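Undergrad: What follows is a predicted protein model with its sequence.
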Amino acid sequence: MSLSRIRLRDIIKKQYAYKLRDYIQVFMSLVFIQMLAILFSFNGVGMMGTSSNTFDINVHFYSADIVVTFTMLWALITSILITTQTYRNDDFAFITNRFSSNLSNMLFLLTASLVGGFTAMLSSNVMRILMYVFGRTEYLYTPTAVSEWLIGSIATILYVLLFSALGYFFGTLVQINKVFVVLLPALFIGILIIGAGTMNGTVLNNVFEFIFMESSLVIFMVKIVILAALLFSSSALMSNRMEVR
Amino acid sequence: MILNMDGTRPIYLQISEWLEREILNGNFESDQKIYSQYQLAEMFTINPATAAKGLTLLVEENILFKKRGLGMFVTSNAKEIIMNKRKNQTLKRLVLEIVTEAKRLNVSKEELIQMINDVNTGEAGE
Amino acid sequence: MSIIECRGLTKVYGKTKALNNLSFTIEENKITGLIGRNGAGKTTLLKIIAGFLRETSGEIEIFSEKPFNNLIVSANLIYINDQMKFPTALTLKEVLHVCASFYEKWDHDLASRLFDYFSLQPTQHYNDLSKGMKSTFNMIVGLSARCALTMFDEPTTGMDAAVRKDFYRALLKDYIAYPRTILLSSHHLDEIEDLLEDILLIKEGKELLHIQIEDLKEWAIGVQGLTTTVKEWTNNREVIHSNGIGLDRMYAVIKNDFSESEKQQGKAAGLAITPVSSSDVCVYLTRKTKGGIDDVFIKD
């Protein structure tokens, strides 16, 4: 019997194709989480008010910030989930090696980040409509230019992607050694506590500034892409010797 | 026919015996093509290599011969060979067993011959 | 051409050796039975062949390639076991379509016909199937993939007798039509032995026997008779099993390297010489202890 000759690219394509259908629940949870976030957003993200004897002014600020945050969390959890054995073994029911499995997972997460980031941005429109219909009082709306909206979308998508890369990295660590289930949260909380003690100039602060305070879009994009690529490739490298099934 | 599948008797021997019986019964004439190893394998749900071993045994005994690319065929004196073989081997073995058992039961030679005669005439009378 | 070649293959889990210096070769287009007790290392061996696990030491080559993390090996073999996982969100029919997209030699017509024959429902999900139905579905995938190396690890778990029979027949028919190398692991040798050409018997990660199944049937003989006669006759021979019968008789199983005249002498001395079934030989050879279950019940 002659041997089948296959190309890595074809296998990755096939894996990506079936994952889009198989991981449909990932997108369903996205819808649920974003609706929940919109609901929370109705409290407003900020408020200021002034009053005199005759009148009260309360200004509530509404934005899609909560939706974006929730979407980032969703990306983190989704990518951790994908590294678990149940999902990993699906690949090994068919033709695969660890590299193609990792790469198709990353392609899937990239797709998920695109969808997640884009819908998070769109959610502000949903909120606007809801606010208009159900809003209690005067409704003011700061129009955003298309370019601004585009920048916002790109940034959101990149943040979501970064979090999925982070989740994938954490998930892979846990798959390699279960010790990380305890170690990672401990590390995170530890840094928080140390950070609270010394106030400024801490690791967490620096990381936060590095990622969230970048004012140049181009540099920001480069930073995120490099970070995500680093996280993904080290995950792939770590799991390349892993035993399965 | 169903082979004896209890695992004690080699299947290839059972296959060759079954083919011998087919030839003796006249289901296959001289120079007629006999079943291939794959047909036998399908018929009895056995490995084709096992079926081939059964066929090879018959080739070694000149009951079958191989035509290159065409398959196995029955030789012209196949029936004769099978009958001779059965007389010299199977029947002899059975007789040996009968005689041993008779000795164990203290049955005399005359008594044993009488028993054989009885069976023979009994069959003829039916 | 040899499909599987391993030399000194060893796999260590912690302190236990699942495979211990295993060496064997499996030729192309043969059906080989991988036989051993639970924990003998069958599954570990198959998972190393499939490229899921890494060997601790020794060498293994499948299609002349190292199997671990190898895409070519993965494309040309399929490993079916009772812990198979298929995409959970997809229906059975969809899973078959995914299989079709992956395996180059996949026969979708065969898969569909088997699917209908075994009354599987297209809209069902794999995780909702019973154990026997899962095994049936796995078997359909394993057969239809037509991989050059097809491995079934305890394929009939949970199947009822009728389905098992159908499976063996389907396997044989498809093998005859499309010859390929098949490894079949089972601890029920008597069920699969007719399908096999060779048998690979392993015990505690080591190879015990690798011979033709038909030779295994003549590998040992059983003798029964007076204890003293049996003992005398089997003196200096490798007795692989013995048990007492009644007061002064016993039954012993010995490796069959007796000449025809020796056997005649034995018979003349009042011994009954019988063949020993291949599954019995395997049971005797793979037994972990010298005695049998009877010894457990002997009180001092």
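TA: Perfect, thanks for sending it.
Undergrad: Got the domain ranges for chain C?
TA: By the record's domain assignment, chain C is partitioned as C:2-215, C:220-276 (automatic domain parsing).
Undergrad: So which of the ones you listed is the most surrounded?
TA: Among these, ranked by average contacts under mean count of other Cβ atoms under 10 Å in any protein chain shown, first place goes to domain C:2-215 (a mean of 19). Where C-beta positions appear, they are placed from N, C-alpha and C, glycine not excepted.
Undergrad: tally of neighbours for residue C:282?
TA: Residues near residue C:282, counting by other Cβ atoms under 10 Å in any protein chain shown, number 25.
Undergrad: and the closest residue in space to residue C:257 that isn't next to it in sequence, helix, strand or coil?
TA: Closest residue in space to residue C:257, ignoring its immediate chain neighbours: residue C:237 at 7.9 Å, by Cβ to Cβ, 6 or more residues apart in numbering or on different chains. On the three-state scheme (DSSP: H, G, I helix; E, B strand; the rest coil), residue C:237 is labelled coil.
Undergrad: just so I know, which of the domains of chain C lies nearest residue B:89?
TA: domain C:220-276 (12.4 Å; Cβ to Cβ).
Undergrad: ok now the closest one, how far from the chain's centre?
TA: 29 Å (Cα atoms, centre = their mean, to the nearest Å).
Undergrad: Stretch A:108-127: which residues count as buried?
TA: For stretch A:108-127, the neighbour count (16 or more other Cβ atoms under 10 Å in any protein chain shown) marks A:108-113, A:115-121, A:123-124, A:126-127 as buried.
Undergrad: ugh, typo on my part, it should be stretch B:82-90
TA: Applying 16+ other Cβ under 10 Å to stretch B:82-90 flags residue B:82 as buried.
Undergrad: Now tell me what touches that stretch from outside.
TA: B:20, B:23-24, B:61, B:63 (Cβ atoms under 8 Å, 6 or more residues apart in numbering or on different chains).
Undergrad: if we can go back for a sec, which of the domains of chain C has the lowest mean pLDDT?
TA: Lowest mean pLDDT within the domains of chain C: domain C:220-276, at a mean of 89.
Undergrad: State the distance spanning the first to the last residue of it.
TA: By Cα to Cα, to the nearest Å, the extent of domain C:220-276 from end to end equals 6 Å.
Undergrad: Verify the contact between the residue nearest to residue C:257 and residue C:255 for me.
TA: Yes. Residue C:237 lies in contact with residue C:255 (Cβ atoms under 8 Å); the separation is 6.9 Å.
Undergrad: residues contacting the nearest residue to residue A:245 once chain neighbours are set aside?
TA: Leaving aside its sequence neighbours, residue A:245 sits nearest to residue C:52 (Cβ to Cβ, 6+ apart; 4.7 Å). Going by Cβ under 8 Å, 6+ apart, residue C:52 touches A:92, A:243-245, C:79.
Undergrad: ok so, going back, reformat the domains of chain C as TSV; add distance to residue A:43.
TA: Listed next are the domains of chain C as TSV, based on distance: least, Cβ to Cβ, whole Å:
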stretch	distance to residue A:43
domain C:2-215	35
domain C:220-276	80
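Undergrad: OK, contacts around the residue nearest to residue C:257?
TA: Here residue C:237 is in contact with C:254-255, C:257 (Cβ under 8 Å, 6+ apart).
Undergrad: List phi and psi for it.
TA: phi -110, psi 160 (degrees, to the nearest 10).
Undergrad: Distance check, it against residue C:260.
TA: 16 Å (Cβ to Cβ, to the nearest Å).
Undergrad: do the same with residue C:88
TA: 62 Å.
Undergrad: For the stretch 201-300 of chain C, what lies in contact range of chain B?
TA: Contact residues (Cβ under 8 Å from any Cβ of the partner chain) of the stretch 201-300 of chain C with chain B: C:212-214, C:217-218, C:267, C:274-280.
Undergrad: Run a quick neighbour tally on whichever residue of chain C sits closest to chain B.
TA: Of all residues in chain C, the one sitting closest to chain B is residue C:277 (3.4 Å; Cβ to the nearest Cβ). A count of nearby residues for residue C:277, using other Cβ under 10 Å, gives 20.
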